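> got a sequence here, can you model it:
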Amino acid sequence: MSNHPLALVERYLDALQDHDYDRARHCLADRDFHYESPIGSYDSADEFVRFVALSGGILQRIERRHCFVDGDHVCHWLVLVTQLSEHLATAAVQWAQVRAGRIARIELLFDAHRYRLLFPENASDA
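As a prediction, the model looks like this:
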């Protein structure tokens, strides 16, 4: 199994889509991990995966539109298809930074208005 940055990030996205949170966690750094999105910020991979396991049930699939790789940096243009009260397709951009064969940083950007209604304790005042 390759730990090339693109292969690693693709495995992570596959694990999220499959709701396999143990497999997703294995892709993430044990130390010095950081995740940032409009609905949450985590400095622990374990805390992040616990959040994803609780909230990830709404994810139906991840459509990958395009990907850019620059060394240890991997950027995906995605469509996150979720099931809230109806199917919702949300355009998103994910940037991941790989260090020592694991994902050390993830930033996910998307319009989070509907998601903030579901997770108000993680929402910013924006």
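> when you work out contacts or count neighbours from here on, use the C-alpha atoms and nothing else.
Fine.
> packing partners for the host helix or strand of I106?
According to DSSP states H and E, I106 maps onto strand 102-110. For strand 102-110, the packing partners by 3 or more Cα pairs under 8 Å, 6 or more residues apart in numbering; DSSP states H and E come out as helix 5-17, strand 34-37, strand 87-99.
> how many residues are close by the residue nearest to F110 when sequence neighbours are not counted?
Spatial nearest neighbour of F110, chain neighbours left out: A92 (4.7 Å); criterion: Cα to Cα, 6 or more residues apart in numbering. Per other Cα atoms under 10 Å, the neighbour tally for A92 reads 19.
> next: D70.
By other Cα under 10 Å, neighbour count at D70 equals 10.
> stretch 42-62: end-to-end distance?
Distance between the two ends of stretch 42-62: 21 Å, counting by Cα to Cα, to the nearest Å.
> run the angle between the strand holding I106 and helix 5-17 for me.
With axes from the mean of the first three to the mean of the last three Cα atoms, to 10 degrees defining the directions, strand 102-110 sits at 60 degrees from helix 5-17.
> show the average pLDDT along strand 102-110.
On average, the pLDDT along strand 102-110 is 97.
> list the buried residues of it.
R102, I103, A104, R105, I106, E107, L108, L109, F110 (16 or more other Cα atoms under 10 Å).
> closest to V81 out of those residues?
F110 (12.4 Å; Cα to Cα).
> so where's the chain uncertain?
Across the chain, the ranges flagged by pLDDT under 70 are 1, 85, 114-126.
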